[in-house]
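Engineer: Provide a 3D model corresponding to the input given below.
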Amino acid sequence: MSDYMVRATAADGAIRAFAVTSKELVEEAKNRHGTCPIMTAALGRLLSAGVMMGSMMKGEKDLLTLQIQGDGPGGGLTVTADASGHVKGYPHVAVIDLPVNDQGKLNVGGAMGNGTLRVIKDLGLKEPYIGQAALQTGEIAEDLTYYFAVSEQVPSSVGLGVLMNKDNTVRQAGGFIIQLMPFVEDEVIEKLEENLKSLEPVTTMLDRGFTPERMLEEVLQGFEVTVNDTMPVSFYCNCSKERVTKALISIGADKMQEMIDDGEPVSINCHFCNTDYTFEIDELKEIVRCSKDS
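Structural biologist: All right, here's what the predicted structure looks like:
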């Protein structure tokens, strides 16, 4: 099944909900960055959250960036998503060596350590909106739940999971975000809290064959759930040699001439998708000539 996301409401609009299955896009990220299981799980969780949060934005050109900076061996993560189901991201460190945590699971919290979660929303205005919160556990879902409460004042519950096979392929990945609207009634909150207390982990539900729709039915038992739409999601990077060329031009002809004088091809790497773009000397000379003529 291809990755996709559902957006829904419940309790007469007092609850808005998102759920995603993201196995393929997390596998794509793992293959591009060569991540170890712990960092695949960490990056996969943030990619899943990013694609859901990106869909909360209204403008076609709006961009959401999630950044985790931690003092753990994993260093941090950066993920960017748009409103159309596209997401990309990279780990600061691809391979680390950590034992499992006390529950016998991949120690994502230990990989991230203590630090900060930043949420940057570029809405096409002069300045982007930037919110941040201290990491609570480094496990990402709990950190986003805390962020929504303290930075955006939106009571939320975030569930994220990545399950790895022993051969370092992605077995399951996905998650959900549940948010309460200001007019929610107390009995709705109480029922939702009961559901969340008995809820199985995201990866358990996915491994049982739950779709995003079925996952929301489980989280929102006792409520009438209305699925508003579904959206395909994918790992997508909009980098290209043309865009990298423009970046080269922006550094100025003098700097480019220094590269030419070095006599070696120049290789530029896109952090998000780990693609290398190589420019031979003749290409660099042509770029300088065209930039002077323009």
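Engineer: Going by C-alpha atoms from here, please, whenever you check contacts or count neighbours.
Structural biologist: OK.
Engineer: which strands and helices sit next to the longest strand anywhere in the chain?
Structural biologist: Identified as the longest strand of the chain according to DSSP state E is strand 170-180. Strand 170-180 makes packing contacts with strand 15-21, helix 23-33, helix 37-54, strand 156-164, helix 202-207 when contacts are defined by 3 or more Cα pairs under 8 Å, 6 or more residues apart in numbering; DSSP states H and E.
Engineer: rerun that using 7 Å as the cut-off
Structural biologist: Other helices and strands packing on strand 170-180, by 3 or more Cα pairs under 7 Å, 6 or more residues apart in numbering; DSSP states H and E, are strand 15-21, helix 23-33, strand 156-164, helix 202-207.
Engineer: Buried deepest among the ones you listed, which one?
Structural biologist: Of the helices and strands packed on strand 170-180, the one with the most neighbours on average (mean count of other Cα atoms under 10 Å) is strand 15-21, at a mean of 26.
Engineer: What strands flank that one, and is each parallel or antiparallel?
Structural biologist: Sheet neighbours of strand 15-21, with direction, are listed as strand 4-10 (antiparallel), strand 170-180 (antiparallel) (DSSP bridges).
Engineer: Which one of those strands lies nearest to residue 39?
Structural biologist: Evaluated over the strands paired with strand 15-21, closeness to residue 39 peaks at strand 170-180, with 11.9 Å, by Cα to Cα.
Engineer: Please identify the helix or strand for residue 150.
Structural biologist: In this structure, residue 150 sits in helix 141-151 according to DSSP states H and E.
Engineer: got the buried residues for that helix?
Structural biologist: Along helix 141-151, these residues count as buried under the neighbour rule (16 or more other Cα atoms under 10 Å): 141-148.
Engineer: How far away from the center of its chain is that helix?
Structural biologist: In this view, helix 141-151 has its centroid 15 Å away from the chain centroid, taken as Cα atoms, centre = their mean, to the nearest Å.
Engineer: tilt between that helix and strand 170-180?
Structural biologist: If you take axes from the mean of the first three to the mean of the last three Cα atoms, to 10 degrees, helix 141-151 sits at 20 degrees to strand 170-180.
Engineer: Considering only helices and strands, which part of the chain has the lowest mean pLDDT?
Structural biologist: Every helix and strand of the chain was ranked by mean pLDDT, DSSP states H and E. The lowest is helix 281-293, at a mean of 83.
Engineer: That helix - contacts with which helices or strands?
Structural biologist: helix 253-262.
Engineer: Measure how far the helix it packs on is from the centre of its chain, please.
Structural biologist: 37 Å.
Engineer: Which other helices and strands does that helix contact?
Structural biologist: With contacts defined as 3+ Cα pairs under 7 Å, 6+ apart, the packing partners of helix 253-262 are helix 281-293.
Engineer: hang on, residue 288 packs against residue 253?
Structural biologist: Yes. Using Cα atoms under 7 Å as the test, residue 288 is close enough to residue 253 to be in contact (6.0 Å).
Engineer: Adding distance to residue 94 and pLDDT, write the buried residues of helix 141-151 out as JSON lines.
Structural biologist: Putting the buried residues of helix 141-151 into JSON lines (distance: Cα to Cα, whole Å; pLDDT from 0 to 100) gives the following:
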{"residue": "141", "distance to residue 94": "20", "pLDDT": "97"}
{"residue": "142", "distance to residue 94": "22", "pLDDT": "97"}
{"residue": "143", "distance to residue 94": "21", "pLDDT": "98"}
{"residue": "144", "distance to residue 94": "22", "pLDDT": "98"}
{"residue": "145", "distance to residue 94": "25", "pLDDT": "97"}
{"residue": "146", "distance to residue 94": "26", "pLDDT": "97"}
{"residue": "147", "distance to residue 94": "25", "pLDDT": "97"}
{"residue": "148", "distance to residue 94": "28", "pLDDT": "97"}
